[in-house]
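Peer 1: Dropping a prediction and its sequence here:
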Amino acid sequence: MPATNTTSSIEQIARVLDAIRARHPLVHCMTNEVVKDITANVLLAIGASPAMVEHAGEAAGFAAIADALLINVGTLDDAQIHAMRHAIPACARAGKPWVFDPVAVGPLGVRTRFAREILPLRPAIIRGNASEIISLAGQTGQGRGPDSGDSPEHALDAAAQLVSQTGATLLVTGAVDYALDATRTLSCSNGHPLLTRVTGVGCAQGALAAACAAVTPDRLHAAAAAAAIMAIAGDLAAARAPHPGSFRVALLDELDRLDAATLRRHAKIASKPA
Amino acid sequence: MPATNTTSSIEQIARVLDAIRARHPLVHCMTNEVVKDITANVLLAIGASPAMVEHAGEAAGFAAIADALLINVGTLDDAQIHAMRHAIPACARAGKPWVFDPVAVGPLGVRTRFAREILPLRPAIIRGNASEIISLAGQTGQGRGPDSGDSPEHALDAAAQLVSQTGATLLVTGAVDYALDATRTLSCSNGHPLLTRVTGVGCAQGALAAACAAVTPDRLHAAAAAAAIMAIAGDLAAARAPHPGSFRVALLDELDRLDAATLRRHAKIASKPA
Amino acid sequence: MPATNTTSSIEQIARVLDAIRARHPLVHCMTNEVVKDITANVLLAIGASPAMVEHAGEAAGFAAIADALLINVGTLDDAQIHAMRHAIPACARAGKPWVFDPVAVGPLGVRTRFAREILPLRPAIIRGNASEIISLAGQTGQGRGPDSGDSPEHALDAAAQLVSQTGATLLVTGAVDYALDATRTLSCSNGHPLLTRVTGVGCAQGALAAACAAVTPDRLHAAAAAAAIMAIAGDLAAARAPHPGSFRVALLDELDRLDAATLRRHAKIASKPA
């Protein structure tokens, strides 16, 4: 692919970051119980505004008020399923994007059936690791829980199938992250293994994707921005904090410090035809 | 107001801090799912003892054992509402204070109705941002969720109305915090914007207010102490940790280090007739 | 007792650590709402893989997939009780160990009744502070919630009774931690008071015990390893981080850095006949 195309993608991603900083999108997070703290702190660090509203009597109303909705099924319970069934259509009716993070879909039945139920409700972005994406597409993955047993490259066919089936942009995460829609694939080669040694970073990236989708209708670059922002902040944090406790602290600091110039300098984005 | 009055208020606040350190009050926290970790860690850092007990079959019994109760409606579900209905009267019967934090009351219906239901149950302190206080008083605020769209000064009339209506001491938080009862208003001008960039600091301040109310019957200075302790620790933390990840860490360290002498040296407390 | 015996115990503990690092056991954590973040981060820091799966429709299936199960009753609700009733027998049927952490059992009725219900289901390890162990054995403890009012030495008779009654290995925590089974008692004198100033460290130690039990059938040294690993990491962290915010960060870093050589150098393990 021509270099100009990639340069243009990095520029689009930088604009997403600037737009978050300028507009402070309000992100309605319906997410799992393990990651609410880090999810909220990642959104605050990048300049977005988090809100966790999960009562079925409030979730639909709030989904229409917020700028984007995150649906993460990591610790589903029946009340949350009920509230999500109200919130997703309300979000869609209000013309706001919702992001779907199918945590541990595949080996676990309740969330897998619920994932299939909501998949037709037109998520803007689906974010998952390779095993989750493969399972969500109805194929057989290697995951044993929240961790992936597959590489992201092996999930690209399943991801393309989900693009075609749902109309969503896909964000497949791993050592390299991939954002793809019906015509384009972007890869982001930034990132550090320490990102997988802190609980909730992946889930928080899903919330970040919702913040990005709130500020641009360009879903591909919203997804790529979520990948690049987290991965570059991770690279910068790992350079000075080589252990997971201090890395988590440094990651939040680097998300706060990240500006468009730093992003342009560090981004390793490649483009190829889908 | 005479300066002696303010000096006296700072002295009362310092005594609240010393009493927490001496008595380690046990604070029963019924609070939202996002902030339980930071709430417990703030209480531990200041010398109090946190306990989160939320089952309806245990909450009433525990409210009578604990030294104070926090009711925070940030992520209400039906089971929590049920348990709170048991815990608040049990706390009141045992002669212990309870603190009410009406998170995001106003735009969200379930919590707003529940807030109106429990308001007559004589909270010792009501802590909220301007939009929450305005909404709780039945007026129309600008909040879109947990963040305030109003300044605390605009909420002082609503706060005075709630004082009159409920008998509670009010703590209205913002760039300046205000503690007020039927006859007095204290302002605290300490605090740093980074306090709003870490999730749960405001909610943890509500728990801190419960710890303060556990050690003194002087509700006004309990509320002002919660404001001053968090704000001064925030000032000291921000001076050496200018980004939110490390600021959160430094805030907990400064709460642990804070002593009465440091509090007296830094407190910016002003007094005016209500 | 001969020194060779203690040297052998330290060597067994070091092997447990090496086995966790080599095998990355998947630990199914059904635990309380306050500590999920630190529990997951402690497991990740030591090299294990955490997963929190709590829906009754998924918990049994996942307990059979995972390498060990943690049952912590710190914030029980009815749905969690229901899911635990499915998960524990499934774990046992699959031949995997489960660890029981009876948080605040004694003064609180729902969890105390549930603890008595599941006690016959053959936990591999029971971990608790002195008041919890005394209460679980049916005696009268001094606890007022998650904190112990008793010293671990006063709980050793109750612990021995629970060993005899349940077949479990007991881990009694306090200023000194004790691991005991029917024939042996090991004490670990490492540890620092700051470990009690950070919420969830004790609960995370229960998860660590599950990770240890996943990699060895030697329950006594699994329990002693959980005690020694957390306590030694705490000693090392406290030496450079004397306040609780930075101590929590340093603790996770030291868990990541801890190797068998460091463990051998610092471990204060003593052995005596049971």
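Peer 2: Thanks, I have the structure now.
Peer 1: residues in the stretch 51-200 of chain A within reach of chain B, list them.
Peer 2: A:Ala51, A:Met52, A:Val53, A:Glu54, A:His55, A:Gly57, A:Glu58, A:Gly61, A:Phe62, A:Ile65, A:Ala66, A:Ala79 (C-beta under 8 Å from any C-beta of the partner chain). The way it works is simple: take the backbone N, C-alpha and C, and place the C-beta from them, glycine included.
Peer 1: And the strands in the stretch 101-250 of chain A, which stretches?
Peer 2: Under the criterion DSSP state E, counting those that start in this stretch, the stretch 101-250 of chain A contains strands at A:125-129, A:169-173, A:177-180, A:184-188.
Peer 1: does any part of stretch A:26-36 sit near chain B?
Peer 2: Yes: using C-beta under 8 Å from any C-beta, we find that stretch A:26-36 touches chain B at A:Leu26, A:Glu33, A:Lys36.
Peer 1: would you say A:Ala270 is within a strand?
Peer 2: Yes: assignment of A:Ala270 by DSSP: H, G, I helix; E, B strand; the rest coil places it within a strand.
Peer 1: Tell me how many other residues crowd the residue nearest to it when sequence neighbours are not counted.
Peer 2: Leaving out its chain neighbours, the residue that sits closest to A:Ala270 by C-beta to C-beta, 6 or more residues apart in numbering or on different chains is A:Ser187, at 4.8 Å. Residues near A:Ser187, counting by other C-beta atoms under 10 Å in any protein chain shown, number 21.
Peer 1: could you say which helix or strand contains A:Cys29?
Peer 2: strand A:26-30 (DSSP states H and E).
Peer 1: pLDDT (mean, whole number) over that strand?
Peer 2: If you average the pLDDT over strand A:26-30, you get 98.
Peer 1: Each with direction, which strands does it pair with?
Peer 2: strand A:49-51 (parallel), strand A:68-72 (parallel) (DSSP bridges).
Peer 1: Single out the most deeply packed of these.
Peer 2: Neighbour counts (mean count of other C-beta atoms under 10 Å in any protein chain shown) averaged over each of those peak at strand A:68-72, with a mean of 29.
Peer 1: And it, how far out from the chain middle?
Peer 2: 9 Å (C-alpha atoms, centre = their mean, to the nearest Å).
Peer 1: I'd like the next helix or strand past that strand.
Peer 2: Beyond strand A:68-72 on the C-terminal side, the first helix or strand identified by DSSP H and E is helix A:78-93.
Peer 1: and that next one, what does it pack onto?
Peer 2: strand A:26-30, helix A:56-65, strand A:68-72, strand A:98-101, helix A:109-118 (3 or more C-beta pairs under 8 Å, 6 or more residues apart in numbering or on different chains; DSSP states H and E).
Peer 1: Where does pLDDT dip in the stretch 101-250 of chain A?
Peer 2: A:141-142 (pLDDT under 70).
Peer 1: Looking from chain B, tell me which residue of it is nearest.
Peer 2: Closest to chain B within the stretch 101-250 of chain A is A:Val249: 4.2 Å, counting by C-beta to the nearest C-beta.
Peer 1: Geometric centre of chain A: which residue is closest?
Peer 2: The centroid of chain A falls nearest to A:Gly206 when counting by C-alpha atoms, centre = their mean (2.5 Å).
Peer 1: Surely it touches A:Asn72?
Peer 2: Yes: counting by C-beta atoms under 8 Å, A:Gly206 touches A:Asn72, with 5.8 Å between them.
Peer 1: Identify the contacts common to the two.
Peer 2: Counting by C-beta atoms under 8 Å, 6 or more residues apart in numbering or on different chains, the shared contacts of A:Gly206 and A:Asn72 are A:Thr31, A:Asp101.
Peer 1: about what we covered before: adding mean pLDDT, write the strands paired with strand A:26-30 out as JSON lines.
Peer 2: Output for the strands paired with strand A:26-30, formatted as JSON lines (pLDDT from 0 to 100):
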{"stretch": "strand A:49-51", "mean pLDDT": "98"}
{"stretch": "strand A:68-72", "mean pLDDT": "98"}
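Peer 1: Please report how far the residue of the stretch 101-250 of chain A closest to chain B lies from C:Asn32.
Peer 2: Plainly put, A:Val249 is 24 Å away from C:Asn32 if you go by C-beta to C-beta, to the nearest Å.
Peer 1: So which of those two has more stuff around it?
Peer 2: A:Val249 (26 against 23).
Peer 1: Let me see the contact set for the nearest residue to A:Gly167 once chain neighbours are set aside.
Peer 2: With sequence-adjacent residues excluded and distances taken as C-beta to C-beta, 6+ apart, A:Gly167 is closest to A:Arg122, at 6.0 Å. Counting by C-beta under 8 Å, 6+ apart, A:Arg122 makes contact with A:Ala92, A:Thr166, A:Gly167, A:Ala168.
Peer 1: So A:Arg93 sits against A:Ala64, correct?
Peer 2: Yes: counting by C-beta under 8 Å, A:Arg93 touches A:Ala64, with 7.2 Å between them.
Peer 1: Neighbour count for these two, which is higher?
Peer 2: A:Ala64 (16 against 11).
Peer 1: what's near enough to touch the residue nearest to A:Ser135 when sequence neighbours are not counted?
Peer 2: In space, and not counting its chain neighbours, A:Ser135 is closest to A:Gly106: 3.0 Å by C-beta to C-beta, 6+ apart. The contact partners of A:Gly106, taken as C-beta under 8 Å, 6+ apart, are A:Thr112, A:Ser131, A:Glu132, A:Ile134, A:Ser135, A:Leu136, A:Gly141, A:Gly143.
Peer 1: go again using 7 Å as the cut-off
Peer 2: A:Thr112, A:Ser131, A:Glu132, A:Ser135, A:Gly141, A:Gly143 (C-beta atoms under 7 Å, 6 or more residues apart in numbering or on different chains).
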